[in-house]
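Peer 1: With the sequence up front, the predicted model follows.
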Amino acid sequence: MKIHFRRSAAQPEPTTAYFSGHRGSGKSSMLFRLLEHLQEEHFTIYMDIEHNLDKHNSNQIDLLYLLGSSIFKAADDEGLQPNEANLEALAESVYTITYQTKEAKNESANIAELVKNLVVFGASALGGGIAEKLTEAALKPFSLSSGVSEEVARKREIQPQTQVIINNVNLIISDVEARSDKPLLVIIDGLDKVERIEQAKLIFTETDALSAPVCNLIYTVPMLLVNSTWFRRTEEAGTMCILPNIKLYERSDATIKYLAGYDFLETVVSKRLAAIGLTKGDILAEDALMLLSEKSGGNLLLFINMIRAASIEAEIAGSNTINRDIAIKTIDEEIARFGYYLTREKVKELKEVHSEKRPSESPLSSELIHGQLIVAYRNSRIWFDAHPLIWDEL
Amino acid sequence: MNKAFVNNKKLAESLQTLEFDLRDNSYAHIAFAIVDDIRLKREAVAELGERLSGKYEFYEFDFLKNPEESLPRFIRSIRRNKLPCAVFAYNLDKLKATDEAKYHIVINSLNAHREDIRDTKSSVVLWVNSETRADLSQYAPDFSDWRTSEASFALDNGYRIAETALGALSLIEAESLRNQAQRIEEALNFTNMKPAMQAELNKQLASIRKKLGQDDASKEATAKASRAVIESGEYARVTDLYCQHLINQ
């Protein structure tokens, strides 16, 4: 992706990219690193919809509104003095969908004040202070809303007005690109957390609205959508990148360990322990680490959380190290948590995925991917499997 | 532009009367536009809107659709922005045909609350027919006396005004499109703009100019979009632009 966007900075046509992966696979960290690498040649902006929209009810109009407003705010924060008339026109075009003219004009007059509440990271913020800003955002919950319901957002009649909104977003983009003298690169994170398939389809597959703004864009995409044929058309109009879980065994035979994956997880835990003045050998028995790695399914967040839970278990048991028994106890608790969701239908679907190494196109399969009972890995191509934690249940 | 407001001396003078009065936006105006022909009214509204473009924030008020809301209250509830506002008010005459009692209440309200309108520093252009104009003199004499200008629009017998694309738009739609066009043209003056953005903005500009009835400007923008598309080499934009070109034909 880095190479792709480096090339796009010099090309006449901007790129839209879609980035997906399981929760906890490290997408946000990867995106922050990508932004750091591309800061020189782009005016970079990062935002997470979780801090700026109601993620359960947002639609493509909310996203376009957020996109334009965030670009304006990031440019304003950087002292570029973007043209406020473009922002007001954007707000008015958004509010015109639901309000009468007078109310739309009245509402849009507030927009400059409203965007101050957005949590957006421009180039200088990316250098530091992100943690503080995120903490501040959590204390002052705010969500921008177009006031357009999902039902209205699906209507064909609003397409002309959607085009006006896109035009206004493009005017903000061209203004900011001219003032910064760099092409824009905007990352919209958090869209992978959209939980309802209908909402995900509305945003990503039922309209072209998200690829219409003329700047480099990266959207995170929910895993429940990426294996669907609906997403194919959207994907064809851009670039798709999936951050799979870390592979720990071969697709052809689960008993053949992929040791590079285990080494990577070991490096992660060693680095984290070193940060608090410990070594791996101080607290982790070798066989316990191997077992926790194996059962994590290659998901970094789950892996770290299991080690954290195991260390608490060890403390309760009065042990200085996480031994194999403690690891097994921790894993059993995770299995119990997963087991709660395992209905007969899900077990049947999971068995098929475990043997075929690919999901079906049923809504159940999408749900299982979203809940990480089915996980994705990658060799030369993406493949899927039931999560190692539940293999014994199958 | 509707050429009737240039070539027809009476229409040109009537429009100029309103235009010259309203051009100074530093104080509140009450202008009466008297017109019996619906088509002519639509074209006169569009033409006056174009001539006053950029001087006011335009609003429209329909007495027939809002019989319960008074015009002075509507004006008071407008949030003041950078530009002073001008409210074009229609269909008071039609209210007479549907609810005469309400019609008289509205006329009395205009008379009683004329100071409210003036205090908001907003301008009103009241589009009425000759009959309602006479009623205003009779039942709202003070409001009538406070008018800053008055113009009658009438056509010679048998003459029919040509309808324009601009006349088909509401005053607010037209002003919104003019504002968009202006902002796009400002943006296109920026240097170092990528061809993809040039293509997109010119494509939108062509569409806006077409809607405003400015066909030559629309063709010019389409040609610029085509050149930018060729430079960007993006197939999707070529097909998109071709479709737009067919629509604009």
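Peer 2: Everything's here; your move.

Peer 1: From now on I want contacts and neighbour counts done on CA atoms only, so please keep to that.
Peer 2: Noted.

Peer 1: How about B:Val106, nearest residue that isn't a chain neighbour?
Peer 2: Nearest residue to B:Val106, sequence neighbours excluded (C-alpha to C-alpha, 6 or more residues apart in numbering or on different chains): B:Ser70, at 6.9 Å.

Peer 1: What's the mean pLDDT across stretch A:203-212?
Peer 2: In this model, stretch A:203-212 carries a mean pLDDT of 86.

Peer 1: Please spell out which residues along it are buried.
Peer 2: Residues of stretch A:203-212 classed as buried: A:203-207, A:209-212 (neighbour count, 16 or more other C-alpha atoms under 10 Å in any protein chain shown).

Peer 1: pLDDT below threshold where in the stretch 201-350 of chain A?
Peer 2: A:227, A:229-230, A:233-237 (pLDDT under 70).

Peer 1: Do a quick rundown of the helices in it.
Peer 2: With DSSP state H, counting those that start in this stretch applied, the stretch 201-350 of chain A shows helices at A:223-226, A:230-236, A:259-275, A:280-283, A:286-295, A:300-316, A:324-339, A:344-356, listed in chain order.

Peer 1: what sits up against the fifth one?
Peer 2: Read that as helix A:286-295. A:248, A:262, A:265-266, A:303, A:306-307, A:322-328, A:331, A:388-389 (C-alpha atoms under 8 Å, 6 or more residues apart in numbering or on different chains).

Peer 1: distance between that helix and the chain's centre?
Peer 2: Between the mean C-alpha point of helix A:286-295 and the mean C-alpha point of its chain there is a distance of 27 Å (C-alpha atoms, centre = their mean, to the nearest Å).

Peer 1: Could you single out the nearest of the buried residues of stretch A:203-212 to A:Glu361?
Peer 2: A:Thr205 (15.7 Å; C-alpha to C-alpha).

Peer 1: Distance-wise, check that closest one relative to A:Gly147.
Peer 2: 21 Å (C-alpha to C-alpha, to the nearest Å).

Peer 1: Determine whether any part of stretch A:149-160 lies close to chain B.
Peer 2: No: using C-alpha under 8 Å from any C-alpha of the partner chain, no contact is recorded between stretch A:149-160 and chain B, whose separation bottoms out at 11.5 Å.

Peer 1: got the CA positions of that stretch in CSV?
Peer 2: The C-alpha trace of stretch A:149-160 is given here as CSV (Å, rounded to 0.1, in the frame of the first residue of the first chain):
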residue,chain,number,x,y,z
SER,A,149,-31.9,8.4,8.1
GLU,A,150,-30.8,5.1,6.6
GLU,A,151,-34.2,4.8,4.9
VAL,A,152,-33.8,8.1,3.2
ALA,A,153,-30.1,7.4,2.3
ARG,A,154,-31.3,4.4,0.2
LYS,A,155,-33.6,6.5,-1.9
ARG,A,156,-32.7,7.2,-5.5
GLU,A,157,-34.4,10.6,-5.3
ILE,A,158,-31.6,11.9,-3.1
GLN,A,159,-28.9,11.1,-5.7
PRO,A,160,-28.8,14.6,-7.3
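
Peer 1: which bits of the stretch 51-200 of chain A sit near chain B?
Peer 2: Residues of the stretch 51-200 of chain A that fall close to chain B, judged by C-alpha under 8 Å from any C-alpha: A:86, A:101-102, A:105-106, A:109, A:167, A:170-171, A:174-175, A:177-178, A:181.

Peer 1: And the furthest pair within these?
Peer 2: Across these (C-alpha to C-alpha), the longest gap, 36.6 Å, separates A:Lys102 and A:Asp181.

Peer 1: who has more neighbours, these two?
Peer 2: Taking neighbours as other C-alpha atoms under 10 Å in any protein chain shown, A:Lys102 and A:Asp181 compare with A:Lys102 leading, 19 against 16.

Peer 1: what's the closest non-adjacent residue to that one?
Peer 2: Of all residues beyond its chain neighbours, the one nearest A:Lys102 is B:Ile78 (6.6 Å), with distances taken as C-alpha to C-alpha, 6+ apart.

Peer 1: can you confirm A:Ser380 is in a helix?
Peer 2: No: for A:Ser380, which was evaluated using DSSP: H, G, I helix; E, B strand; the rest coil, the result is coil, with no helix membership.

Peer 1: Can you list phi and psi of it for me?
Peer 2: phi -80, psi -20 (degrees, to the nearest 10).

Peer 1: which residues sit in contact with the closest residue to chain B within the stretch 51-200 of chain A?
Peer 2: In the stretch 51-200 of chain A, the residue found nearest to chain B is A:Asn106; the distance is 5.4 Å by C-alpha to the nearest C-alpha. For A:Asn106, the contacting residues are B:78-79, taking C-alpha under 8 Å, 6+ apart as the criterion.

Peer 1: where's it, which helix or strand?
Peer 2: Using DSSP states H and E, A:Asn106 falls within helix A:101-108.

Peer 1: now B:Leu11
Peer 2: Here B:Leu11 is covered by helix B:9-23, with elements defined by DSSP H and E.

Peer 1: how far off helix B:9-23 does the helix or strand following that helix point, in degrees?
Peer 2: Using DSSP H and E, the helix or strand that follows helix B:9-23 towards the C-terminus is strand B:30-35. What separates the directions of strand B:30-35 and helix B:9-23 is an angle of 160 degrees, with axes from the mean of the first three to the mean of the last three C-alpha atoms, to 10 degrees.

Peer 1: List the contacts of strand B:30-35.
Peer 2: With C-alpha under 8 Å, 6+ apart as the contact definition, strand B:30-35 has outside contacts at B:18, B:41, B:123-130, B:133, B:146-154.

Peer 1: Which of those are buried? Put it as a ChimeraX command.
Peer 2: Applying 16+ other C-alpha under 10 Å to the contacts of strand B:30-35, the buried members can be selected in ChimeraX as follows:
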select /B:18,41,123,124,125,126,127,128,129,133,147,148,149,150,151,152,153,154
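
Peer 1: Return the subset of the contacts of strand B:30-35 lying in strands.
Peer 2: B:123-128, B:149-153 (DSSP state E).

Peer 1: For those residues, give me JSON lines that also has distance to chain A.
Peer 2: Output for these, formatted as JSON lines (distance: C-alpha to the nearest C-alpha, whole Å):
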{"residue": "B:Ser123", "distance to chain A": "15"}
{"residue": "B:Val124", "distance to chain A": "15"}
{"residue": "B:Val125", "distance to chain A": "17"}
{"residue": "B:Leu126", "distance to chain A": "18"}
{"residue": "B:Trp127", "distance to chain A": "19"}
{"residue": "B:Val128", "distance to chain A": "22"}
{"residue": "B:Ser149", "distance to chain A": "25"}
{"residue": "B:Glu150", "distance to chain A": "26"}
{"residue": "B:Ala151", "distance to chain A": "27"}
{"residue": "B:Ser152", "distance to chain A": "28"}
{"residue": "B:Phe153", "distance to chain A": "28"}
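
Peer 1: farthest pair in the residues you listed?
Peer 2: When the ones in strands among the contacts of strand B:30-35 are compared pair by pair using C-alpha to C-alpha, the maximum separation belongs to B:Ser123 and B:Phe153, at 19.8 Å.

Peer 1: Contact residues of chain B facing chain A?
Peer 2: If contacts are counted using C-alpha under 8 Å from any C-alpha, the residues of chain B sitting beside chain A are B:59, B:78-79, B:81, B:183-184, B:187, B:190-197, B:200-201, B:204, B:231-232, B:234.

Peer 1: switch the cut-off to 7 Å
Peer 2: Residues of chain B found near chain A, taking C-alpha under 7 Å from any C-alpha of the partner chain as the criterion, are B:78-79, B:184, B:187, B:190, B:194-197, B:232.

Peer 1: These in helices, which ones?
Peer 2: In helices, judged by DSSP state H, the following of the residues of chain B next to chain A are found: B:184, B:187, B:195-197, B:232.

Peer 1: Now the stretch 201-350 of chain A against chain B: closest residue?
Peer 2: When scored by C-alpha to the nearest C-alpha, the stretch 201-350 of chain A has A:Val214 as its residue closest to chain B, at 6.0 Å.

Peer 1: Kind regards, and thank you for your time.
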